[in-house]
Each structure stands twice: as structure tokens, then as C-alpha cells.
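# Take this sequence and fold it.
(2 chains)
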Amino acid sequence: MKLFLREQLPLFYIYLAQLLVITLIYRLDGHRSLAVSLYACLLSGCLFIGYLIYRYLTNRSFYNRMENPLAGSEDFAGNNQQTPLAEGLQHLLKSQFRHYQKDILRYRHKIDDHIQFINQWVHQMKTPVSVIHLMIQNEDEPRLHAIGDELDKLKKGLEMVLYTARLDAFEHDFVVEALDLETIIRTVTSSQKRLFIRSRIFPVIRMEGRIGIASDEKWLSFVITQLITNAVRYTVEDNRKIHFHGYIHGVNGVLEIQDEGVGIPAGDLPRIFDPYFTGENGRNFQESTGMGLYLVKQICGKLGHRVELESTAGEGTVVRIIFNLTKL
Amino acid sequence: MFRILIVEDDKGLVSLLEEHLHKFGYTTQAVVNFEKVQSEFEQFAPHLVLMDINLPKYDGYYWCRQIRGSSTCPILFISAREGKMDQVMAIENGADDYITKPFDYEIATAKIKSLLRRAYGTYAGTFNERSIEVEGLTLDIERLILSFKDAKVEISHTEAKIMDELMKKSERVVSRDRLLEKIWDDETFVDDNTLNVYVNRVRKKLTTLNINDALQTIRGQGYRLLPNWGSE
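Coordinates of the predicted model:
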């Protein structure tokens, strides 16, 4: 309605001006009957208002449509009150929509291809990684230890690429089952034993009873590995501990991962879950991609877990993952 | 001796696997023509097959089905794909077990041994494995007994792992990191101090066998087992 009135406002002014001009001309010509002039104005005004009402009624849904923004990218359809303007606009929108759809489809194809390529590529890279891994496995020389460390980083990088690429296709790629929290943590910490030993930082696991959680093993292991990598990376001093504490809080199972590292400056805290955000620690430490915590948050969101992070600069960081409990 | 067929197209990986398997006394053969895996299988008639999934021409699932058409020989998949679906697919196509790349030698040999044992019901082919001997000092890994001449001493699982590593590399320095890695268990984590405790226990047990000062600490590097008892 508002849009309609605004649209017709100039016409209204023109109409008024025209009325004025015409009555004035008649008046100057010598017709001085005020009543006749008013009567003429009234008649003409009725016609004008009648026209406006007709215009409004025929275009009502069009105007309504114009006033309410679209929620999604759905087609501009369902308008059966056709005036030339509305029809023209709808036609234009439809063709524009089709173009966009085509574009979007093309990009979706490209992204799909790209993801597939990345997947394939990561798997191809895993063979050379395995070969190097096997070559240095039974050796115990400092030089080969260094190669082993770099190889571990390479493996982590590949994993991260793979999991990031998979994130969008998450729905096809996860199986929720009942898992024992302690088993998961022990498996993940053992798989990271080289990292722990090299950095002289050791895990301490404390479980309050058996905690059964509903989750996907592979994705959850990835999340915990990310958190461990962070915890170790930001713990500068040797012989520190990373505490894994599992407990039941009300209807939820909670896993707390606490480190004794450098912590996160308060100013960075609100943005730590943003993609590519590295913050102050990212500048002081190498190899921060800013993707770790982002992935953690995204994956937990999709798995239906909640993530909380508390940190005090200089004292360490606590990450809490809150699960739904389930029977084992 | 057991024959193992390796169906893997990466030459580097094949040669490392072969070298490792030869140490355990297995005879190996790698597939050369990836269009005729089935006929190479029939010619070689292996006791076990190591199968990759991503192969030129057809994939590992395909060859697994082909082999299953004529044989029940154990097939162990080795693949870079770690998804649940891939493992399920492999098992459904007839695989017996699955390892993901990159893998450890220990895991590969353990799985091979267990598959062979299950299929052929024998411990043969695992020689040189259950005990290790250096200059008369013998470690029985299965029974956890360390013996020298007529003397015997029982040792714990962790101590055996330390001794095993030191004896395998006798006269050479074994780094603390490596020992920590070897004795790291799913159940217990061993930090630096605990390793010292374990090493001291091993020393004491060596003393009860009348072996003194053989286990040396090399500062900043690790430990070394010097077979100084041989001349006695």
C-alpha cells in the first residue's frame, strides 16, 4: 500500500496542478460560479480516485510482493494479477533467475570436481608419505627423527585438507554410534605419542566412570587430534601436562582438555572460531592456519556437540566438548 | 615358507614391504601386470595377498572379487582411504582385514601373522621373533624371561620392550624418545621419570644375571647395551 501511494504521488500532484490550471482558465474566461467549479472538481476527483483504486486492486499482489523481500532464491512466481508492468518485471526476474541458477549450477559442478580432485590428490600423497614413514621407522638417528617430525606435520596437513574438503559433504560421511569416551581418548593420545614425546608434554587422563557418548568416531578423533595439536603447540615449557578430564554433568557428558600453555589473549577470544583467524598466538608461533578451531567448531556443530573455550593468557586454555549421553 | 603376493602399484612401497617381509622369512612376489592380477595370482599361488585399492585399470575390490571366485586365501587390504565405507566395501568384497596408510611395520606384520595363523593354523614362519639373543643373553618375549647361562629372571612387559629394543640395536645408542615411544601403552603413559625407573629395574635384573654395567647411559642421547659379558 505504502509503495503504491508513493508510486502514485507524482500523479496526484500533477492531477491537482491540472485541476487548478483548468479551473483558473475557466475563471479567467469569465465563468465565476464557484459551485460549478467545485462540482467539476468533485466529479473529476471521483474519477481519479476510482482510477487509483482500480490500479491498486489490479496490482495489489504485485505491490505486496515488491514490499516483502524474498527469503531465499525461489522463483518470482505465483502472481496472477497481471498488468503490463508486473508481467514485464516478472519476465525479467525469471530470466535473471534462470541465469543465476545456471551460474550456480556451474560453480557447484566446479566445486564438486575440485573436492573430488583434492580427495584423490590427498590419497595419492599418502603413498609417498607411507614410503617415507616405512623407510625411517626402524632408524634411530637424530636426523631421521627430524624427518619423522616433518613427516608428521605433513600427515596432519593432509588430514586437515581432507577433512576440510569433506565438511560440506558431511551428511553422507558420518555414522553416529555409541562410543566409550575413554577408549577414544586413549586411542587418539596413543596415535599422537610421537608428538607428545618429542615435545616432552604428557597427557593425564582422568575419567569419572564409564561415559558413553553418541558421536562419529572418525570425526571426533579428528577434533580431539586438532585440540591436542593446539595444546601441544602452545605449550612452550617442557614437562607440562595436558589434562583430559571426562565427567557427567546433568544429562550431558563432558570432555575437558586443559593445557598449561601460553593461553589466548582476551582480545582474541571472541574470534578464535572464525576461519583463518590466527590472532596474536598465530603471529608468535609457526604453522597456525587458523583453521583448526574453526573446523572443531563446525564439526562439533554437525555432530551435535557443544564446544566451549576458556583461556587466560599465560595460564593455559580449557576446551570443553559437551556430548549427549548414551548407553554403551 | 609362506608366499605373499603384493598387489600395489607404488614401487617404493613394494620394495620396502618385500624387504621387511623377507626378514620374517616370507617369500614375496609383486604384481607386474595390473591387467592380469588374477593370472599372476594363480601362477604364484600365494598363501596371502596384500591388496591396494587404487590400482591402474581395475581397483582392488574388483581383483578381490576375482580372487574370491577361486580361492579363500587371506586378503589384507592396504589403502590410503580410511573411511568407514571403504573398509565395509573391502570386507564385503571378500577382504579379511584392512590397514590404512601410512602404517607401521609392526601392525602390518602382526596382521599378516594373525591371518596366516587363522588360515593355516600354525606358528611356522614366525621364527626369529619370539626370542632374541645377544652373546648368550636371551630374551623370551612371549614368556617374559631373560636368561643368561643357567640363570633366569622374570621381567615385566614394559621391561621386555626396553630390553628388546636395546638388544636389537646392541652396541648402538637407543634414544630416550625411541624407548618412550616403544613402551607407550594405551593404558599407561610413561614420562621421563618413569622411564628412568624402568631402566634401573632392567639394570637390577641384569645384575641378578651377573651382568654388570652393560646398560650404559649416554648423556643427552639415550642408552646403550654393550655386550661386555661375552668374554667371560
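
# from here on, contacts and neighbour counts on C-alpha atoms
Will do.

# Chain A contacts on chain B?
With CA under 8 Å from any CA of the partner chain as the criterion, chain B meets chain A at residues B:10, B:12-13, B:16, B:80-81, B:101-105, B:174-175, B:177-178, B:180-181, B:184-187, B:189, B:191.

# What about A:Arg143, how many residues nearby?
When neighbours are defined as other CA atoms under 10 Å in any protein chain shown, A:Arg143 has 10 of them.

# no no, A:Leu325
By other CA under 10 Å, 20 other residues sit near A:Leu325.

# separation between it and A:Met207?
14 Å (CA to CA, to the nearest Å).

# if we can go back for a sec, among the residues of chain B next to chain A, which are in strands?
Among those, the members falling in strands (DSSP state E) are B:Val174, B:Ser175.

# Buried among the residues of chain B next to chain A? Need that as a selection in PyMOL.
A single PyMOL command selects the buried members of the residues of chain B next to chain A (16 or more other CA atoms under 10 Å in any protein chain shown):
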select buried, chain B and resi 12+13+16+80+81+101+102+103+104+105+174+175+177+178+180+181+184+185+189+191
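
# Looking at the stretch 1-150 of chain A, which residue is nearest chain B?
Closest residue of the stretch 1-150 of chain A to chain B, CA to the nearest CA: A:Ser130 (4.2 Å).

# Then the stretch 201-328 of chain A?
A:Phe202 (6.7 Å).

# Determine whether the claim that that residue is in a strand is correct.
Yes: if the criterion is DSSP: H, G, I helix; E, B strand; the rest coil, then A:Phe202 is within a strand.

# What's opposite it in the beta bridge?
Counting by DSSP bridges, A:Phe202 is bridged to A:Lys241.

# my guess is it contacts A:Ile242, does it?
Yes: using CA atoms under 8 Å, A:Phe202 is in contact with A:Ile242, at 6.2 Å.

# who's in contact with the residue of the stretch 201-328 of chain A closest to chain B?
If you count contacts by CA atoms under 8 Å, 6 or more residues apart in numbering or on different chains, A:Phe202 has them with A:Phe196, A:Asn239, A:Arg240, A:Lys241, A:Ile242, B:Phe189, B:Asp191.

# Kindly reformat the residues you listed as JSON lines containing distance to B:Ser147 and pLDDT.
Listed next are the contacts of A:Phe202 as JSON lines, based on distance: CA to CA, whole Å; pLDDT from 0 to 100:
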{"residue": "A:Phe196", "distance to B:Ser147": "34", "pLDDT": "90"}
{"residue": "A:Asn239", "distance to B:Ser147": "36", "pLDDT": "82"}
{"residue": "A:Arg240", "distance to B:Ser147": "39", "pLDDT": "87"}
{"residue": "A:Lys241", "distance to B:Ser147": "38", "pLDDT": "89"}
{"residue": "A:Ile242", "distance to B:Ser147": "40", "pLDDT": "93"}
{"residue": "B:Phe189", "distance to B:Ser147": "28", "pLDDT": "73"}
{"residue": "B:Asp191", "distance to B:Ser147": "28", "pLDDT": "78"}
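
# ok, so of these, who is nearest A:Tyr13?
A:Ile242 (76.9 Å; CA to CA).

# what's the neighbour count on that closest one?
Using other CA under 10 Å, A:Ile242 has 24 neighbouring residues.

# show me where the stretch 1-150 of chain A has helices.
A:2-28, A:34-67, A:84-137, A:142-166 (DSSP state H, counting those that start in this stretch).

# got the angle between the third one and helix A:142-166?
Angular relation of helix A:84-137 and helix A:142-166 on a 0 to 180 degree scale: 160 degrees, by axes from the mean of the first three to the mean of the last three CA atoms, to 10 degrees.

# what does the helix or strand where B:Ala160 lies contact?
B:Ala160 is located in helix B:157-168, with elements delineated by DSSP states H and E. If you take CA under 8 Å, 6+ apart as the criterion, helix B:157-168 is touched by B:132-134, B:139, B:141, B:144, B:174, B:179, B:182-183, B:198-199, B:201-202, B:223-225.

# If you count neighbours, what's buried in it?
By neighbour count with 16+ other CA under 10 Å, helix B:157-168 contains the buried residues B:Thr158, B:Glu159, B:Ala160, B:Lys161, B:Ile162, B:Met163, B:Asp164, B:Glu165, B:Leu166, B:Met167.

# Then stretch A:170-182?
Residues of stretch A:170-182 classed as buried: A:Phe174, A:Ala178, A:Leu179, A:Asp180, A:Leu181, A:Glu182 (neighbour count, 16+ other CA under 10 Å).

# where in the chain is pLDDT low?
Picked chain A for this. Applying pLDDT under 70 to chain A flags residues A:70-82, A:286-287.

# oops, I was thinking of chain B
Using pLDDT under 70, chain B drops low at B:122-130, B:186-188, B:231-232.

# give me phi/psi at the residue in it that chain A sits nearest to?
Of all residues in chain B, B:Pro102 sits closest to chain A, at 4.2 Å by CA to the nearest CA. Main-chain dihedrals, B:Pro102, degrees, to the nearest 10: phi -80, psi 140.

# my read: it touches A:His123, true?
No: with contacts counted by CA under 8 Å, B:Pro102 stays clear of A:His123, the gap being 10.4 Å.

# Contact residues of the stretch 201-328 of chain A facing chain B?
Applying CA under 8 Å from any CA, we find that the stretch 201-328 of chain A lies next to chain B at A:Phe202, A:Pro203.

# go with 10 Å
Selection of the stretch 201-328 of chain A residues close to chain B by CA under 10 Å from any CA of the partner chain yields A:Ile201, A:Phe202, A:Pro203, A:Val204, A:Ile205, A:Glu217, A:Lys218, A:Asn239.

# Grab the nearest non-local neighbour of the fourth one.
Right, A:Val204. A:His243 (4.8 Å; CA to CA, 6 or more residues apart in numbering or on different chains).

# Report whether the expected contact of that neighbour with A:Leu227 is present.
No: A:His243 is beyond contact range of A:Leu227, at 11.7 Å (criterion: CA atoms under 10 Å).

# what do these two both touch?
Both A:His243 and A:Leu227 are in contact with A:Ile257, A:Gln258, A:Asp259, where contact means CA atoms under 10 Å, 6 or more residues apart in numbering or on different chains.

# Tell me the one among those nearest to A:Gln8.
A:Ile257 (65.3 Å).

# Where does that closest one sit, in terms of helix or strand?
strand A:252-258.

# what comes up buried for the helix or strand following that strand?
For strand A:252-258, the following helix or strand on the C-terminal side (DSSP H and E) is helix A:279-284. Under the neighbour-count criterion of 16+ other CA under 10 Å, helix A:279-284 has A:Gly279 buried.

# Give me the helices and strands touching helix A:279-284, please.
Using 3 or more CA pairs under 10 Å, 6 or more residues apart in numbering or on different chains; DSSP states H and E as the contact test, no helix or strand touches helix A:279-284.
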